[in-house]
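1. sequence below, structure please.
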Amino acid sequence: MASRITQKTIWERSMMQGRSLAAILVLLGSSLLLLSNQFVKHQHFHLQRTEVIHASSRQSPSEILSAANLVSDKTLTVARTFGRQSHVLGFSPFHNQAYVKRALDKKWSCLIEKGRRYYVDGVLAAYDGRPPAGLPQDFGGGEDVLQAFGWSRHEDSEPISSDWDPALQAMDLGAPEEGDVSYILLDQNLEFDNGHGEQQITNARYYAYYSLTGFILVTDSYSPSGQLRRLEVPENEIANKIPLLHRLSDALWFEWTAHTDQPASFRYYGVESIINHPTAELMDDIMIARRGTDEVSWAERLTFDLKSDEGKALFGCPNGVAVSWLLIDRLSTLGKREPSVTIFNPGGGLRSMVWELIPAGKTGSFGEVTPDEPDS
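-> Numbers count the residues shown, from 1 in each chain. Modelled structure (predicted):
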């Protein structure tokens with residue numbers, strides 16, 4: 001009995017000591033957090049007030065402020081949290097874009113690094129004669145080749161959206177003649193043989209306009225691997241279930257070279273009505289940080305080269321990756337190019353981007369790149 005009492009007493013004392021230690025740690029943590037907040041406010045942006053407000057990712061800053069009973073003014077800065085329904089609103093005595101840029105840089109760090117690697121370790125390495133592993137495949141040409149990989153091909157007569165008129169007018173292109181622009185719909189809806197015996201119709205689709213003047217505009221893009229992931233096919237089984245012709249960049253090049261006998265004239269790559277979640281959120285963040293709204297007309301467009309963090313993040317995002325593969329895989333045809341990206345959103349969910357692959361010695365068509373915001 002004495003032994004049991006002793007053990008119980010020891011246990012109770014240990015619990016009391018543990019609770020005391022936990023309370024001390026909580027108190028210490030709270031103190032450090034308060035000191036940290038005060039330090040950040042004092043050292044960086046002298047923020048008068050910072051709040052986290054939960055809201056729909058589609059709400060405009062003014063709608064968020066109104067719902068939170070806050071007064072909108074020009075000192076508002078907004079930074080969206082990737083993949084979450086929240087906004088961080090910072091109120092400062094000065095309209096300090098550096099605050100927004102640092103917040104977004106931290107959130108975008110993965111995409112910035114991915115874009116940097118694609119450009120430095122991929123594109124520039126290829127330009128220096130050090131091509132990365134995995135050379136481009138020559139799939140030949142003809143509709144029979146497409147069918148062998150499970151793709152059906154149809155041509156549509158729908159014209160390019162008029163929202164693209166200002167962008168098309170700004171491009172360094174000759175006026176397209178009748179028959180120069182084709183709208184091609186590629187659907188992966190046929191059976192195929194990929195040599196593994198485990199092929200699967202994926203219902204992937206790549207829809208795009210091809211202009212002989214040097215422009216490709218993608219309107220719909222769902223890759224075979226992405227479609228299988230939506231069907232929850234295990235990751236280690238996907239490679240054996242998709243056709244060899246599966247990457248967007250390869251499908252676009254296949255069609256481009258089928259349309260023209262001057263493939264090196266390719267200069268502009270556009271994507272319209274972007275709905276891919278990471279890309280859409282990234283574009284919204286950039287437009288809000290730079291223009292105060294996620295609806296930015298062509299006149300207010302934002303252009304970035306790959307020296308900027310915004311440019312690197314857009315290069316590494318799902319809708320920018322195809323550009324890197326085109327530059328790497330088609331170096332022998334396109335030569336060395338300097339890519340820049342322009343983003344805009346005329347409204348109605350029509351987020352759009354257009355990459356200009358500027359040949360060496362030439363200047364871009366869309367004006368100067370958007371300057372970096374000052375750090376302070």
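2. partners of the strand or helix carrying I184 in the sheet?
-> Element membership for I184 (DSSP states H and E) is strand 181-188. If you go by DSSP bridges, strand 181-188 pairs up with strand 151-156 (antiparallel), strand 204-211 (antiparallel).
3. so what strands line up beside the helix or strand that the longest one is followed by?
-> It stands for strand 204-211. Going down the chain from strand 204-211, the next helix or strand is strand 215-222, by DSSP H and E. Strand pairing for strand 215-222, determined by DSSP bridges: strand 204-211 (antiparallel), strand 268-271 (parallel).
4. pick the most deeply packed of the ones you listed.
-> Of all the strands paired with strand 215-222, strand 268-271 has the most neighbours on average by mean count of other C-beta atoms under 10 Å, namely a mean of 24. To be clear about C-beta, it is placed using only N, CA and C from the backbone, and glycine gets the same treatment.
5. would you turn the strands paired with strand 215-222 into CSV with distance to P278 and mean pLDDT?
-> Shown next, in CSV, are the strands paired with strand 215-222 (distance: least, C-beta to C-beta, whole Å; pLDDT from 0 to 100):
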stretch, distance to P278, mean pLDDT
strand 204-211, 19, 95
strand 268-271, 13, 96
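6. make a markdown table from those and add distance to P224 to it.
-> Shown next, in a markdown table, are the strands paired with strand 215-222 (distance: least, C-beta to C-beta, whole Å):
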| stretch | distance to P224 |
| --- | --- |
| strand 204-211 | 4 |
| strand 268-271 | 18 |
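7. out of the ones you listed, nearest to R230?
-> For R230, the closest of the strands paired with strand 215-222 is strand 204-211, at 10.3 Å, according to C-beta to C-beta.
8. what is the neighbour count of D220?
-> For D220, the neighbour count with other C-beta atoms under 10 Å is 15.
9. now swap in S162 and tell me
-> Using other C-beta under 10 Å, S162 is surrounded by 9 other residues.
10. distance of it relative to Y269?
-> If you measure S162 against Y269 using C-beta to C-beta, to the nearest Å, the figure is 20 Å.
11. before we move on, what about V369?
-> 17 Å.
12. ok, I201 next?
-> Counting by C-beta to C-beta, the gap from I201 to Y269 is 28 Å.
13. partner residues bridging the nearest residue to A251 once chain neighbours are set aside?
-> Once flanking residues are discounted, A251 sits nearest to Y206: 4.8 Å by C-beta to C-beta, 6 or more residues apart in numbering. Judged by DSSP bridges, the bridge partners of Y206 are L186, S221.
14. would you agree Y206 is in contact with T219?
-> No. Contact criterion C-beta atoms under 8 Å: Y206 and T219 do not qualify, at 9.4 Å.
15. tell me the pLDDT at R84?
-> Model confidence at R84, given as pLDDT, is 30.
16. what's near enough to touch Q147?
-> L190 (C-beta atoms under 8 Å, 6 or more residues apart in numbering).
17. what's the average pLDDT for the helix or strand it falls within?
-> Assessed by DSSP H and E, Q147 sits inside helix 143-148. Per-residue pLDDT values over helix 143-148 give a mean of 81.
18. dump the C-alpha coordinates for that helix into CSV.
-> What follows is helix 143-148, C-alpha atoms only, in CSV (Å, rounded to 0.1, in the frame of the first residue of the first chain):
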residue,chain,number,x,y,z
GLU,A,143,-4.1,12.6,-88.5
ASP,A,144,-3.3,8.8,-88.6
VAL,A,145,-0.4,9.5,-86.1
LEU,A,146,-2.8,11.3,-83.8
GLN,A,147,-5.3,8.4,-83.9
ALA,A,148,-2.5,6.0,-83.1
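19. re the thing from before, got a list of contacts for the strand holding I184?
-> Residues outside strand 181-188 that contact it (C-beta under 8 Å, 6+ apart) are 146, 149-158, 160, 201-212, 219, 224, 227, 243, 246, 251, 255, 259.
20. what do you get for stretch 310-324?
-> So stretch 310-324 is contacted by 108, 111-119, 122-123, 218, 221, 247-249, 252, 269, 271, 274, 276, 278-279, 282-283, 286, 302, 304-306, 339-341, 343, 353, 355, 357, 369-370 (C-beta under 8 Å, 6+ apart).
21. list the buried residues of that stretch.
-> Residues 310-324 are the ones in stretch 310-324 that count as buried (16 or more other C-beta atoms under 10 Å).
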